[in-house]
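Asks: Build me a model from this:
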Amino acid sequence: MSVQSGGPRALAALTDERVVDFLSRGPSTRSELSARLGISKPTASQSILRLQEFGLVAEGYSTAEGKRGRIPERYSLREAYGHVAGIELNAERLTLRACDVTGRVLAERSRGLEASTSEAQVLEAARELDESLQLELGSPRLATGISQAAPVLQQEDGGKQVLPVPNFAASGADLAGLFEKDRTVLDNDVNWMAVAEYTPRSGSMLLLYLGAGIGSALVIGGQVYRGRHGLVGELETQRLKGRTLLEHLDAAGLVGPRILCEKLSDPLSWPLLVEPLSQVLGNLLGYLDPDTLVVTGPGASAGLTEQLGARLGESVPLAGPDVEYSPQGGTKALHGALGAARTLALDRLWSSYRQM
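Replies: Numbering: from 1, shown residues only. The predicted model follows:
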């Protein structure tokens, strides 16, 4: 947290940020804020008044009806201040979820997709679901985080472009174009999964996702390393014996709409994936030397992870990483996108707050 130049609230905002962070965990009295944050009661009171003036904290209330004596008022963040939204587009479903600034889920909408669903149909569905969500909530949209199951190219001018994948017809839909550019963050689903999966860990981590396709993400010191063009982790384009990994998998009958994860439900098909993947992945692991390789997604399993780990033990020069299976990692893309949207919303909030 750093002090930025601005109006008279620039220094006070440091205290107010701590108060908001504390209130995001639940309602609190001024005395509790004072004791837990190590600030005086007058300072806590002044902070509450500033935040109420800004519209971020609700009027105090007491739940101790009928009790004698002065009952301390409890304060909470004001839900009507605004919400953040997370959007996830994958081969099976389009999902929109809204949270308040504390991270509490307020509402959700989703729609199933067919293999033949077009980009135009996805965009229309997104508009309809978002309109329904906004109508229910009735509060301003502070920020939007978008997750798409496709590579996201970082352009030289700072913009981003989704590169469609062949096994998912609607993967290149321009969802970000539906929302305000400076209030929107966009990334591919595996990067968002890695953000969420890394939280309880430390060191470096390579996340391997097995679903309708294959993807990976590299986390170093808690930060996803995306590279100059945002294309770090695109394993399917890596070459082996003159062909890409995707071409090897296609020759094995593992490529097609949702086919990979369906095929991997049969252990007899695992060697068709493990052999080429272990060679491509082994070279990367030998070079990057991460602490952990986490395998996740609907096509992953503990048994497949064990078989891949054993094969990697033969492929990785010198010593390889710890290899783990995560049964939940493949469901965390929306969680990661929502977290990024909340961070963006809070950054904008405090930037505006300091200038008042």
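
Asks: in stretch 285-303, what counts as buried?
Replies: Neighbour-count burial for stretch 285-303, with 16 or more other CB atoms under 10 Å as criterion, is recorded at 285, 290, 292-301. From N, CA and C alone the C-beta is placed, and that goes for glycine too.

Asks: Show me those that map onto strands.
Replies: Judged by DSSP state E, the subset of those located in strands is 292-296.

Asks: Show me the two of those residues that sit farthest apart.
Replies: When CB to CB is used, the two most widely separated members of these are Thr292 and Thr296, lying 11.9 Å apart.

Asks: name the helices or strands packed onto the worst-scoring helix or strand of the chain on mean pLDDT?
Replies: Across the helices and strands of the chain, mean pLDDT, DSSP states H and E gives its lowest value to helix 9-23, namely a mean of 86. Counting contacts by 3 or more CB pairs under 8 Å, 6 or more residues apart in numbering; DSSP states H and E, helix 9-23 packs against helix 30-37, helix 41-54, helix 333-354.

Asks: now stretch 179-189, how far from the chain's geometric center?
Replies: Distance of stretch 179-189 from the chain centroid (CA atoms, centre = their mean, to the nearest Å) equals 11 Å.

Asks: Any buried residues in that stretch, and which?
Replies: Neighbour counts over stretch 179-189 (16+ other CB under 10 Å) mark 179, 183-189 as buried.

Asks: check contacts around the residue nearest to Arg311 when sequence neighbours are not counted.
Replies: Take Arg311 and drop its neighbours on the chain: the residue closest to it by CB to CB, 6 or more residues apart in numbering is Ser278, 4.1 Å away. Neighbour list for Ser278: 308, 311-312, 314-315 [criterion: CB atoms under 8 Å, 6 or more residues apart in numbering].

Asks: Show the end-to-end separation of stretch 294-312, please.
Replies: 13 Å (CA to CA, to the nearest Å).

Asks: thinking again about what came up before, just the helices and strands packed on helix 9-23: most buried one?
Replies: Stretch with highest mean neighbour count among the helices and strands packed on helix 9-23: helix 333-354 (a mean of 21; mean count of other CB atoms under 10 Å).

Asks: Which other helices and strands does that helix contact?
Replies: Here helix 333-354 touches helix 9-23, strand 83-89, strand 93-99, strand 141-148, strand 184-188, helix 189-198, going by 3+ CB pairs under 8 Å, 6+ apart.

Asks: Report the angle between the fourth one and strand 83-89.
Replies: In this case it means strand 141-148. Strand 141-148 and strand 83-89 are oriented at 10 degrees to each other (axes from the mean of the first three to the mean of the last three CA atoms, to 10 degrees).

Asks: avg pLDDT for strand 141-148?
Replies: Strand 141-148 shows a mean pLDDT of 96.

Asks: Which strands or helices does the helix or strand following it pack on?
Replies: Counting by DSSP states H and E, the next helix or strand C-terminal to strand 141-148 is strand 152-154. The helices and strands touching strand 152-154, judged by 3+ CB pairs under 8 Å, 6+ apart, are strand 160-162, strand 184-188.

Asks: could I get those strands as a markdown table with distance to Leu135 and mean pLDDT?
Replies: Shown next, in a markdown table, are the helices and strands packed on strand 152-154 (distance: least, CB to CB, whole Å; pLDDT from 0 to 100):
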| stretch | distance to Leu135 | mean pLDDT |
| --- | --- | --- |
| strand 160-162 | 27 | 90 |
| strand 184-188 | 20 | 95 |
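
Asks: nearest to Asp347, of those?
Replies: Closest approach to Asp347 among the helices and strands packed on strand 152-154 (CB to CB): strand 184-188, 10.8 Å.

Asks: The closest one pairs with which strands?
Replies: Looking at strand 184-188 with DSSP bridges, its partner strands are strand 141-148 (parallel).

Asks: what ranges do the strands span in the stretch 201-350 of the chain?
Replies: Secondary structure of the stretch 201-350 of the chain (DSSP state E, counting those that start in this stretch): strands located at 204-210, 214-220, 223-224, 239-240, 243-244, 292-296, 322-325.

Asks: Any idea which of these gets closest to Val19?
Replies: Nearest to Val19, of the strands of the stretch 201-350 of the chain and by CB to CB, is strand 223-224 at 27.6 Å.

Asks: For the closest one, what is the distance to the chain centroid?
Replies: The answer for strand 223-224 is 11 Å, by CA atoms, centre = their mean.

Asks: Equivalent analysis for stretch 206-215, please.
Replies: Distance, centroid of stretch 206-215 to centroid of chain: 15 Å (CA atoms, centre = their mean).

Asks: Can I get that stretch as CSV, trimmed to CA atoms?
Replies: Extracted as CSV, the C-alpha positions of stretch 206-215 are listed here (Å, rounded to 0.1, in the frame of the first residue of the first chain):
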residue,chain,number,x,y,z
LEU,A,206,3.2,-25.0,-13.5
LEU,A,207,-0.5,-25.8,-13.9
LEU,A,208,-1.4,-28.4,-16.5
TYR,A,209,-5.1,-28.3,-17.6
LEU,A,210,-6.7,-31.3,-19.3
GLY,A,211,-10.2,-30.6,-20.6
ALA,A,212,-11.6,-30.1,-24.1
GLY,A,213,-8.0,-29.2,-24.9
ILE,A,214,-4.7,-28.8,-23.2
GLY,A,215,-3.3,-25.7,-21.6
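
Asks: Give me the mean pLDDT for that stretch.
Replies: Mean predicted confidence for stretch 206-215 is 91.
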